[in-house]
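>>> Coordinates for the following, if possible.
(chains A and B)
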There are 2 protein chains.
Amino acid sequence: MIAFTDIERAYKTLKPVVHKTPLLSSRTFNHLTGNEVYFKAENFQRIGAFKFRGAYNKIASLTEEERKRGIIAHSSGNHAQGVALAAKLFGVKATIVMPSDSVKSKVEATRGYGAQVVFCSNSTDDRERTTDELIRKHGYVLIHPYNDEKLIAGQGTVALEIFQDMKDFDYLFIPIGGGGLISGCALAAKNLFPSVKVVGVETEGANDCYQSFRASKIIKLQSVNTIADGMRTLSVGTLNFEIIQKYVDDVLTIKDDDIFPMMKFFLERMKIIVEPTGAVAPAAMMKNILGIQGKKVCAIISGGNIDPDLLKKILLP
Amino acid sequence: MIAFTDIERAYKTLKPVVHKTPLLSSRTFNHLTGNEVYFKAENFQRIGAFKFRGAYNKIASLTEEERKRGIIAHSSGNHAQGVALAAKLFGVKATIVMPSDSVKSKVEATRGYGAQVVFCSNSTDDRERTTDELIRKHGYVLIHPYNDEKLIAGQGTVALEIFQDMKDFDYLFIPIGGGGLISGCALAAKNLFPSVKVVGVETEGANDCYQSFRASKIIKLQSVNTIADGMRTLSVGTLNFEIIQKYVDDVLTIKDDDIFPMMKFFLERMKIIVEPTGAVAPAAMMKNILGIQGKKVCAIISGGNIDPDLLKKILLP
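This next block holds a predicted model:
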């Protein structure tokens, strides 16, 4: 398991290149929920999501020889862009395997950072097969989207920044996809402020970590069904789960139907664009699933990359 | 003319109730324009625009007797909401005269803050007539949208906050409607940092201040034609113009067509919602009308209240 010092080291690496994203708040939201809630706005991060942090920290850790070989990642979303931008900054060749039905704007953004895009079918198996083949053929170094120590350390810097700005949080709400963000942030938070409760949030249609947490072993779903595209992983990683078991206090789920009202609130009242996955942790506070009152809470907005068509649907359903 | 100390005093009044809005930036925008540009995000202000500042400072200055009489304002937009919220916080009765074709969401927001809404036709004359009648009948105190010293001092606190965060700006770009924001900010900026160049920005279809600035006298337009609804005033106020003549270095205009690309950039790249008027000063930097390079610039985003239908149009034209 990584140590807190790994996250501190990652922060030294990342500080010159990441945006220090703000903690936002809304009097109306606080009034509605009866708590003092802050949103860590990683939708303002470079590439529009926290994923840049882990990708950059990982690539920074590669040897000269590995960098020369080039890197590879598979992702339909923010990991693709995070890896592509980080690779560009290091002058490393990047190949990204993306499902052929990926949103056009995300493919373009990934190419815009100079990465080569290779398409595959939409199944997880085919993604991995395509990626493995390219690795065998070209010797590329794989940048895993969550099950990687350097990556976890990078994502953990989100929590470091949160506690730089404000110290006395009672709760930290974090969305769970593959578990990269929550494992890094839980480790950082509990080392800095052991009294903070760390709560993971998933959607019901992708509740693998909710089940795994309760079963005390990793449960892999057969399929997922959720609008939160960043949560469509079938299970969390082994490295992630080890940390989650040790440092996370609870895992909650919300319904997909809770996501749009939260996104609409962000848009209309707070004037910010949040993607469905990014609204999951805040939505758990909007619904106040824990039934808490008068507490100081930080909910992480993981990203803001949303397809214009989907955004239109939210605006005028 | 108000003094810098009036703005400092206004800030003491406002500090406990306003949001200190952040300075945002975008590497992509800086790369595109060749300058280091920061956006003062007053779209994150309470009621979604800077207007709350002036309204609150004005109502704070009223006597007990005046507050008992109740206040009145005429506005189709952000001034209405700013006055309504400020009045609510002071427990003062507010009446807002709005054109009958006002956007429904703005009418609802104004009512949501507890104000009474009285409709009139869309002409400036009818607005003023309706307002005057109500004042005669009920003795309400008028909260003018820009031509008022207390209001100007309140709006000037935007510049105070900017220079709290960062000191060495070469340029300050400020949108001009009736002149409340630019007069307060120009006065504050030049008193704090005399070397900063203060530049006002209007749209071509509402270029009254551009003309007035060059003619050295207030020119009143017969009509205006612009999508920037916050700029649809026929002339700036007398108190505003006196300050503009003394402290503003130049007034520029942009085309309405320059506004949507800037809003789209804010939305897609920076994940924030900016209303058309709020995008005017930034658009002058995006077009780099002054042709400057390597300068440190702050452009004020005046607000973020936009009709969902219009937002949809921008998203997918």
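>>> Would you mind giving me the confidence score for residue A:314?
Looking at residue A:314, its pLDDT reads 78.
>>> do the same with residue A:101
84.
>>> Once you drop chain neighbours, what's closest to residue A:8?
Excluding the flanking residues, the one nearest residue A:8 by CB to CB, 6 or more residues apart in numbering or on different chains is residue A:160, at 7.3 Å. For glycine as for every other residue, the C-beta is placed from the backbone atoms N, C-alpha and C.
>>> Tell me if I'm right that the one you found and residue A:191 touch.
No. Counting by CB atoms under 8 Å, residue A:160 stays clear of residue A:191, with 9.9 Å between them.
>>> higher neighbour count, those two?
Counted by other CB atoms under 10 Å in any protein chain shown, residue A:160 and residue A:191 do not tie: residue A:160 has more neighbours, with 21 against 18.
>>> Now do that one against chain B, distance only.
19 Å (CB to the nearest CB, to the nearest Å).
>>> Which parts of the stretch 1-150 of chain A are helices?
Taking DSSP state H, counting those that start in this stretch as the test, the helices found in the stretch 1-150 of chain A are A:4-14, A:27-33, A:51-61, A:64-69, A:78-90, A:104-112, A:124-138, A:149-165.
>>> ok, the most far-flung residue of chain A relative to its centre to chain B distance?
Each residue of chain A has a distance to the centre, and by CA atoms, centre = their mean the biggest one is for residue A:137: 30.0 Å. Distance, residue A:137 to chain B, using CB to the nearest CB: 34 Å.
>>> repeat for residue A:243
Remark: distance between residue A:243 and chain B (CB to the nearest CB) = 29 Å.
>>> For that residue, give me its contacts.
Residue A:243 makes contacts with A:1, A:2, A:152, A:179, A:183, A:184, A:186, A:187, as judged by CB atoms under 8 Å, 6 or more residues apart in numbering or on different chains.
>>> Report the buried members of these.
Buried members of those, scored by 16 or more other CB atoms under 10 Å in any protein chain shown, are A:2, A:152, A:179, A:183, A:184, A:186, A:187.
>>> Return the subset of those residues lying in helices.
Those of the buried ones among the contacts of residue A:243 mapping onto helices are A:152, A:183, A:184, A:186, A:187, per DSSP state H.
>>> Closest to chain B out of the residues you listed?
Using CB to the nearest CB, residue A:184 comes nearest to chain B of those, at 22.2 Å.
>>> show me the contacts for the closest residue to the closest one other than its chain neighbours.
Distances taken as CB to CB, 6+ apart put residue A:156 closest to residue A:184, at 2.8 Å, once the chain neighbours are dropped. Contacts of residue A:156 were listed using CB under 8 Å, 6+ apart, and they are A:6, A:7, A:10, A:183, A:184, A:185, A:187, A:188.
>>> Now render these as CSV, adding distance to residue A:125.
What follows is these, written out as CSV (distance: CB to CB, whole Å):
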residue, distance to residue A:125
A:6, 32
A:7, 33
A:10, 31
A:183, 25
A:184, 27
A:185, 30
A:187, 31
A:188, 33
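>>> JSON lines please, covering those and showing pLDDT.
Formatted as JSON lines, the contacts of residue A:156 follow (pLDDT from 0 to 100):
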{"residue": "A:6", "pLDDT": "98"}
{"residue": "A:7", "pLDDT": "98"}
{"residue": "A:10", "pLDDT": "98"}
{"residue": "A:183", "pLDDT": "98"}
{"residue": "A:184", "pLDDT": "98"}
{"residue": "A:185", "pLDDT": "98"}
{"residue": "A:187", "pLDDT": "98"}
{"residue": "A:188", "pLDDT": "98"}
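>>> need the residues of chain A near chain B, please.
A:22, A:24, A:27, A:43-44, A:46, A:48, A:267-274, A:304, A:308-309, A:311-312, A:315-316 (CB under 8 Å from any CB of the partner chain).
>>> Could you rerun that using 7 Å?
Residues of chain A lying close to chain B (CB under 7 Å from any CB of the partner chain) are A:22, A:43-44, A:48, A:267, A:271-273, A:304, A:308, A:311-312, A:315-316.
>>> Could you pull up the residues touching whichever residue of the stretch 101-250 of chain A sits closest to chain B?
Closest to chain B within the stretch 101-250 of chain A is residue A:105: 8.2 Å, counting by CB to the nearest CB. By CB atoms under 7 Å, 6 or more residues apart in numbering or on different chains, residue A:105 lies in contact with residue A:307.
>>> domain assignment for chain A?
What automatic domain parsing lists as the domains of chain A is A:4-49+A:148-315, A:52-142.
>>> Go through these and pick out the most buried.
Mean neighbour count, computed with mean count of other CB atoms under 10 Å in any protein chain shown, is highest for domain A:4-49+A:148-315 among those, reaching a mean of 21.
>>> who does residue A:118 bridge with?
residue A:97 (DSSP bridges).
>>> Which strand or helix spans residue A:251?
Element membership for residue A:251 (DSSP states H and E) is strand A:250-254.
>>> Okay, now the sheet partners of that strand, with direction.
With DSSP bridges as the test, strand A:250-254 is paired with strand A:197-203 (parallel).
>>> Give me the angle between the helix or strand that the strand it pairs with is followed by and strand A:250-254.
Sequence-wise, the next helix or strand downstream of strand A:197-203 (DSSP H and E) is helix A:208-215. Interaxial angle, helix A:208-215 versus strand A:250-254 (axes from the mean of the first three to the mean of the last three CA atoms, to 10 degrees): 140 degrees.
>>> how about stretch A:48-60 as CSV, C-alpha atoms only?
Provided in CSV are the C-alpha atoms of stretch A:48-60 (Å, rounded to 0.1, in the frame of the first residue of the first chain):
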residue,chain,number,x,y,z
GLY,A,48,-11.8,19.2,-17.2
ALA,A,49,-11.4,16.4,-14.7
PHE,A,50,-9.1,15.2,-11.9
LYS,A,51,-7.7,12.4,-14.2
PHE,A,52,-4.9,14.6,-15.3
ARG,A,53,-3.3,14.4,-11.9
GLY,A,54,-2.8,10.7,-11.7
ALA,A,55,-1.8,10.4,-15.4
TYR,A,56,0.9,13.1,-15.0
ASN,A,57,2.3,11.6,-11.8
LYS,A,58,2.5,8.2,-13.4
ILE,A,59,4.3,9.4,-16.5
ALA,A,60,6.6,11.5,-14.4
